[in-house]
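# Show me how the following folds:
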Amino acid sequence: MLRRCHLLLGGSRPPKSLPSCSSPSPRWHSLKHLLSIRAALSHAAADPCSLTLHFLRNSCGLSEAAATKTAARVHLRSTKKAHAVLALFRGLGLAGSDIARVVAAAPDLLNYRADVTLAPKIDFFRGDVGLSDADIRRIILLDPYRVLCYSLASRLRPNYLLLKELLGTDQNVLAAVKQSSELIHGNVQSELFPKVKILREYGATDDVIIKLLTKHPRSLKHRYGGSLFNDTFAAMKELGVSPSHGIFPHAFGVLARMYPSGWKRKMDNYLSLGWTEEQVKQAFVRHPYCISVSADKVRLIWQFFADKLGWSPEYVSASPMLISLSYEKRILPRYRVLDILVSKGHIRSIRIAHLILGEKKFVEKYVTNYLETIPQVLEAYRAGTDSAVTAK
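Below is the predicted model:
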């Protein structure tokens with residue numbers, strides 16, 4: 001058999017060692033692999049769908065099912081533009097899974113010219129708006145199509161100029177866009193400005209509107225719908241929150257995140273703990289975020305105040321920021337320290353002022369000040385915090 005193989009190769013004498021004819025050489029495997037790749041590429045060029053599927057799977061990282069579904073929405077006749085788009089994404093810091101997510105959401109991007117259409121938008125977000133690359137990645141992943149496919153000339157830049165006129169400074173525009181990228185790609189003229197006009201006619205000052213847009217811009221965006229904006233606006237009137245008061249934008253923002261049913265559930269939770277409806281409303285007007293605290297946390301904190309400290313709803317509703325404090329890291333550690341000081345006769349009772357006092361002042365006045373005479377206050381305070389307070 002060796003001789004037969006040798007003759008086929010055109011030799012006169014068999015070599016000392018020769019692979020079997022049934023086991024092709026590594027060179028043959030390489031040639032076969034190259035020919036198969038050429039055949040696949042040739043077939044892909046003739047079949048855009050095949051080329052698209054291959055690119056979506058192997059270059060974009062989509063699964064077989066996702067690639068098949070996405071290929072129905074885009075066709076690549078060449079991968080030149082698509083490779084440039086992916087290079088731009090990688091340069092921005094998007095990871096493989098992020099790229100797959102963006103491509104699946106907006107596959108048409110693969111046919112865009114990266115240098116002409118996409119790069120100028122990235123430069124706009126960086127230079128004009130002032131977003132960091134991390135911010136840009138975040139807003140792209142939130143809504144790839146609107147952020148990258150909407151026109152820079154007719155939508156993104158005009159929105160930026162309208163926002164700057166409304167908010168006054170680049171810093172305010174940046175703060176608002178970071179809170180809601182819809183402000184930069186939505187229809188600001190028709191969705192936002194009419195609501196701003198309503199608020200101004202009601203008496204909201206420029207400062208209040210700026211605060212509302214930089215802290216709670218989604219409360220004025222279209223995703224909530226006009227009816228919810230109207231419901232929130234009506235509720236603010238009923239609660240008697242002054243449109244010129246600094247608390248107005250915070251109260252409006254919190255209410256806008258709730259449907260009426262959400263407000264009712266929060267109200268019912270407080271009522272079940274012995275509060276009156278009027279006390280809940282007054283607490284909300286003083287500190288709106290007390291109504292957004294989870295029902296479980298409200299019950300936990302309130303039961304502690306009522307059982308351990310003997311505080312009444314009337315007393316706590318006058319300082320509702322207490323409800324927003326951390327039970328484990330703020331309320332409990334301070335209670336342990338203050339309870340020791342009460343037992344030793346250094347303070348008469350625990351009051352609200354003790355819990356809302358700034359951290360540095362509290363440590364100085366009630367921990368460090370008593371370390372020498374009552375060293376256990378340090379251990380009591382450390383038990384519930386990560387404080388770096390040390391004994392002198």
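
# ok, V196 touching I209?
Yes - with contact defined as CB atoms under 8 Å, V196 counts as touching I209 (6.0 Å). For glycine as for every other residue, the C-beta is placed from the backbone atoms N, C-alpha and C.

# Can you show me the CA trace of stretch 192-210 as PDB?
C-alpha atoms of stretch 192-210 as PDB (Å, rounded to 0.1, in the frame of the first residue of the first chain):
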ATOM      1  CA  LEU A 192     -42.900  69.300  27.600                       C
ATOM      2  CA  PHE A 193     -43.500  73.000  26.900                       C
ATOM      3  CA  PRO A 194     -47.300  72.900  27.300                       C
ATOM      4  CA  LYS A 195     -47.000  71.400  30.800                       C
ATOM      5  CA  VAL A 196     -44.400  74.000  31.700                       C
ATOM      6  CA  LYS A 197     -46.800  76.700  30.600                       C
ATOM      7  CA  ILE A 198     -49.600  75.200  32.800                       C
ATOM      8  CA  LEU A 199     -47.200  75.300  35.800                       C
ATOM      9  CA  ARG A 200     -46.200  78.900  35.100                       C
ATOM     10  CA  GLU A 201     -49.800  80.000  34.800                       C
ATOM     11  CA  TYR A 202     -50.400  78.300  38.200                       C
ATOM     12  CA  GLY A 203     -47.600  80.400  39.700                       C
ATOM     13  CA  ALA A 204     -44.600  78.100  39.600                       C
ATOM     14  CA  THR A 205     -41.400  80.200  39.500                       C
ATOM     15  CA  ASP A 206     -38.500  79.600  37.200                       C
ATOM     16  CA  ASP A 207     -36.500  78.200  40.100                       C
ATOM     17  CA  VAL A 208     -39.200  75.700  40.800                       C
ATOM     18  CA  ILE A 209     -39.500  74.600  37.200                       C
ATOM     19  CA  ILE A 210     -35.700  74.200  36.900                       C
END
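
# Need the residues that contact it.
If you take CB atoms under 8 Å, 6 or more residues apart in numbering as the criterion, stretch 192-210 is touched by 162, 166-168, 172, 183, 186, 212, 220-221, 229, 233, 237, 242-246, 248-249.

# Apply 7 Å and report the result again.
Stretch 192-210 is contacted by residues L167, G168, N172, L220, F229, F233, P243, S244, F248, P249 when judged by CB atoms under 7 Å, 6 or more residues apart in numbering.

# could you dump these to a markdown table with neighbour count?
Formatted as a markdown table, the contacts of stretch 192-210 follow (neighbours: other CB atoms under 10 Å):
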| residue | neighbour count |
| --- | --- |
| L167 | 21 |
| G168 | 12 |
| N172 | 17 |
| L220 | 26 |
| F229 | 20 |
| F233 | 18 |
| P243 | 19 |
| S244 | 12 |
| F248 | 25 |
| P249 | 25 |
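
# ok, V173 to E238 distance?
33 Å (CB to CB, to the nearest Å).

# So for the two, which sits in the more crowded spot?
V173 (26 against 9; other CB atoms under 10 Å).

# who's in contact with the more buried one?
V129, Y160, L163, K164, L167 are the contacts of V173 under CB under 7 Å, 6+ apart.

# Write the PyMOL selection for whichever of those residues are buried.
Here is the PyMOL command that picks out the buried ones among those, judged by 16 or more other CB atoms under 10 Å:
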select buried, resi 129+160+163+167
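
# which stretches of the stretch 1-150 of the chain form helices?
2-8, 26-46, 48-58, 64-71, 80-92, 96-105, 119-124, 133-142, 144-149 (DSSP state H, counting those that start in this stretch).

# So what's the residue count around H287?
When neighbours are defined as other CB under 10 Å, H287 has 19 of them.

# hmm, back to that, A306: which of the contacts of V173 is nearest?
Nearest to A306 out of the contacts of V173 is L167 (CB to CB; 44.0 Å).

# follow-up on the earlier one: now, which of the contacts of stretch 192-210 sits nearest D296?
P249 (27.6 Å).

# What residues does the nearest residue in space to that closest one that is not next to it in sequence make contact with?
Leaving aside its chain neighbours, P249 sits nearest to L212 (3.7 Å; criterion: CB to CB, 6 or more residues apart in numbering). Shown in contact with L212 (CB under 7 Å, 6+ apart): S219, L220, P249, F252, G253.

# I'd say the fourth one and P217 touch.
What it means is F252. No - with contact defined as CB atoms under 7 Å, F252 does not count as touching P217 (11.2 Å).

# more crowded one of those two?
Applying other CB under 10 Å to F252 and P217 shows that F252 carries more neighbours, namely 26 against 21.

# Go ahead and list the helix or strand containing that one.
Assessed by DSSP states H and E, F252 sits inside helix 248-256.

# Same question for K266.
In the assignment (DSSP H and E), K266 maps to helix 260-272.

# quick one on the thing from earlier: may I ask which two of the contacts of V173 are separated the most?
V129 and L167 (12.1 Å).

# The helix holding F252 packs against which elements?
Counting contacts by 3 or more CB pairs under 7 Å, 6 or more residues apart in numbering; DSSP states H and E, helix 248-256 is packed against helix 206-215, helix 225-239.

# Could you check the angle the first one makes with helix 248-256?
With axes from the mean of the first three to the mean of the last three CA atoms, to 10 degrees applied, the angle from helix 206-215 to helix 248-256 works out at 40 degrees.

# hey, where'd the strands end up in the stretch 251-392 of the chain?
In the stretch 251-392 of the chain, no segments count as strands under DSSP state E, counting those that start in this stretch.

# In the stretch 251-392 of the chain, what residue spans correspond to helices?
Using DSSP H, counting those that start in this stretch, the helices of the stretch 251-392 of the chain run over residues 260-272, 277-286, 295-304, 313-317, 332-343, 352-356, 359-362, 376-382.
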